[in-house]
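Participant: Provided below are the primary sequence and the corresponding predicted coordinates.
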Amino acid sequence: MNAPASSIAQETISDVLARFAASLTADAIPAAVRERAKYLILDAVGLAYASHGYRWEGVSLDALRSFGGGNACVIGHGRILGLRDAVLMNGILVHGLDYDDTHSRGVIHATASVFPTVLGAAEHAAASGADLLTAYVAGMEIATRIGMVAQGGFHQVGFHPTGLAGVFGCTVAAGWLHRLDASRLAMAQGIALSMGSGSLEFLEDGAWTKRMHPGWAGAAGIMAATLAAHGYIGPRRAYEGRFGLYASHLGERMAQADLGLATEALGERWQIEEVAVKPMPACHFTHAPADAAIALSREFSGSAAQKLAAIRRLRVLVPEQVVSTVCEPVANKRRPANGYDAQFSIPYIVATGLLKGRFTLDELDDAALADPDVLALAAKVDYEIDPASTFPRHYTGEVVVEMADGRVLRHREAVNRGNTDRPLTNEDIAAKYRENATRTLDAGRAQRVADAVLGLDRADARTLADLLAEPV
């Protein structure tokens, strides 16, 4: 049965987002937003270099090379893959360590999908660096807003918003670079509806699949935009339709979705200003408890064994919405199977922070994961729902230590470090970039890359891609 003519003519969310993106220019983006965008890209590039040498990185690259070569940039590896495969691989590099930025309200790693997309698509379109940056901002606006609408609901039903919502931002960013008009950009979002994906099943056993979600969204976004450019027809009501994104992926939680968030203050309130940069390599939901544990570690002295003997029990207060991601299943979380599993484990991260006073990439290697003292303390960690949580605005956390002598120690982090209400500065991001990039590059080359990224709006996309493609 055909829909009534009035409903067909009604403006959709896709129409509004497309019109915004089609008319977006670099001059319309506030200078502070453009500057922050460059630092978010810098953070992503540093992580791409830091990901070199891990087994999952090598396996991913070998698999993609088996499809044949190409001339698109793969960060630190050369021009060795076709465009879509390069976007997928660069997304794996940026997101593989789970150390990349998070838009808190959208609960989405948007840069990990949008930046690889614009890096590849901008060079393919012979675009300027300023155009790359503008397309990145456009893609970030759409991806984060589409994630925001669900208000944390995607995670609750087992979907990863980075792949599911990220594909729409990637589609619009790629379409913007190829100069699609508003009607084609709207159509491209309808096509992308059939391409978004990302299951949270990896949480059950530490599987690698989450690492591919951002790059898959980017590759799909380029495909959706290209199909639309050639006249392919997609559904108009990608978001609000009877079988649109939210109805099909939220089920009963559709009632909690706020469709107005997709377009509210569009072009006035910039979502890049709401992106939180990670100060440690773990799921963002764990950061406040980790910092609370690290703060409490200063209350202890002596060996790890002595600290362990002094603690009877640990309770961690977390938002209800994060339990299924970082607290359950309890047995798995107390004894993570691998580094990726550990990055989503409140018991492991809190135990590590309390015993070692830190949580870095080194705490994810095999020796750290087998530390008997950490595992013994992790076995004493329980979780409770935080009644005062302000999630998703803040990823709150509180650690309560019940001592063997009857004392109780506690520390609360009401706003997670790196959150937009407690942000890392651009200088902090630059320091994080240097720390990560120099795990692979020498200091001089790391600085040349930083200069190129921060000077992006004064060069062209090909120049940046050439530099990033140089093998390490």
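Facilitator: Cool, got the structure.
Participant: which one is K38 nearest to, not counting chain neighbours?
Facilitator: Closest residue in space to K38, ignoring its immediate chain neighbours: L454 at 5.3 Å, by C-beta to C-beta, 6 or more residues apart in numbering. Every residue, glycine included, has its C-beta placed from N, CA and C.
Participant: measure the one you found to A121 for me?
Facilitator: 21 Å (C-beta to C-beta, to the nearest Å).
Participant: higher neighbour count, the two?
Facilitator: When neighbours are counted by other C-beta atoms under 10 Å, L454 and A121 differ, and A121 comes out ahead with 30 against 17.
Participant: what sits against that one?
Facilitator: 83, 87, 127, 135, 173-174, 177-178, 222, 225 (C-beta atoms under 8 Å, 6 or more residues apart in numbering).
Participant: pLDDT, neighbour count and secondary structure added to these, as a markdown table?
Facilitator: Putting the contacts of A121 into a markdown table (pLDDT from 0 to 100; neighbours: other C-beta atoms under 10 Å; DSSP: H, G, I helix; E, B strand; the rest coil) gives the following:
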| residue | pLDDT | neighbour count | secondary structure |
| --- | --- | --- | --- |
| L83 | 98 | 19 | helix |
| V87 | 98 | 34 | helix |
| A127 | 98 | 22 | coil |
| A135 | 98 | 28 | helix |
| A173 | 98 | 32 | helix |
| A174 | 98 | 35 | helix |
| L177 | 98 | 28 | helix |
| H178 | 97 | 20 | coil |
| I222 | 98 | 25 | helix |
| A225 | 98 | 29 | helix |
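Participant: closest to E57 out of those?
Facilitator: Of all the contacts of A121, V87 has the smallest distance to E57: 15.6 Å, by C-beta to C-beta.
Participant: what's near enough to touch that closest one?
Facilitator: 72, 116-117, 119-121, 215, 218-219, 222.
Participant: before we move on, what about V374?
Facilitator: With contact taken as C-beta under 8 Å, 6+ apart, V374 is in contact with 304, 348, 351-352, 355-356, 368.
Participant: taking these, tell me the two that lie furthest apart.
Facilitator: When C-beta to C-beta is used, the two most widely separated members of the contacts of V374 are A304 and Y348, lying 14.5 Å apart.
Participant: of these two, who's got more company?
Facilitator: Comparing A304 with Y348 by other C-beta under 10 Å, the one with more neighbours is Y348, at 30 against 17.
Participant: residue farthest from the centroid of the protein?
Facilitator: Residue farthest from the centre of the chain, counting by C-alpha atoms, centre = their mean, is D405 at 42.1 Å.
Participant: helix or strand: which one has R105?
Facilitator: Using DSSP states H and E, no element contains R105; it sits outside every helix and strand.
Participant: what's the answer for R439, then?
Facilitator: Mapping R439 onto the secondary structure by DSSP H and E places it in no helix or strand at all.
Participant: re the thing from before, in this structure the residue farthest from the centre of the chain contacts A310, no?
Facilitator: Yes - counting by C-beta atoms under 8 Å, D405 touches A310, with 7.5 Å between them.
Participant: ok, the residue farthest from the centre of the chain - contacts?
Facilitator: When contacts are counted by C-beta under 8 Å, 6+ apart, D405 is found next to A310.
Participant: try G198
Facilitator: Taking C-beta under 8 Å, 6+ apart as the definition of contact, the neighbours of G198 are 159-164, 210, 213, 216-217.
Participant: go on, A437?
Facilitator: Here A437 is in contact with 45-46, 49-50, 446, 449-450 (C-beta under 8 Å, 6+ apart).
Participant: I figured R448 hits L467, correct?
Facilitator: Yes - applying C-beta under 8 Å as the test, R448 and L467 come out as touching, 7.0 Å apart.
Participant: which of those two has more residues huddled nearby?
Facilitator: More neighbours surround L467 than the other of R448 and L467, with 18 against 13 (other C-beta under 10 Å).
Participant: show the pLDDT at that one.
Facilitator: Turning to L467, the model gives it a pLDDT of 98.
Participant: helix, strand, or coil at C73?
Facilitator: strand (DSSP: H, G, I helix; E, B strand; the rest coil).
Participant: how much space between the most centrally placed residue in the chain and H160?
Facilitator: Central residue of the chain (C-alpha atoms, centre = their mean): H109, 1.7 Å from the mean position. Using C-beta to C-beta, one gets 9 Å for the distance from H109 to H160.
Participant: which residues in the stretch 101-250 of the chain form strands?
Facilitator: Using DSSP state E, counting those that start in this stretch, the strands of the stretch 101-250 of the chain run over 102-103.
Participant: and the residue lying closest to L180 once chain neighbours are set aside, how many residues sit next to it?
Facilitator: Closest residue to L180 in three dimensions, ignoring its sequence neighbours and counting by C-beta to C-beta, 6+ apart: A229, at 5.8 Å. By the criterion of other C-beta under 10 Å, A229 has 18 neighbours.
Participant: next: the one 10 residues further on.
Facilitator: Each residue near Y239 was counted by other C-beta under 10 Å, and the total is 22.
Participant: apart from its chain neighbours, what residue comes closest to it?
Facilitator: I13 (4.4 Å).
Participant: I'd like to know how far the closest residue to V350 other than its chain neighbours sits from P372.
Facilitator: Nearest in space to V350, with sequence neighbours left out and distances taken as C-beta to C-beta, 6+ apart, is A293 at 4.5 Å. Using C-beta to C-beta, one obtains 18 Å as the distance from A293 to P372.
Participant: the two: which has the busier surroundings?
Facilitator: Legend: neighbour count by other C-beta under 10 Å for A293 and P372, higher for A293 (30 against 10).
Participant: just the helices in the stretch 201-350 of the chain please.
Facilitator: The residue ranges that make up the helices of the stretch 201-350 of the chain, judged by DSSP state H, counting those that start in this stretch, are 213-229, 245-250, 287-297, 304-310, 323-326, 330-334, 339-342, 346-356.
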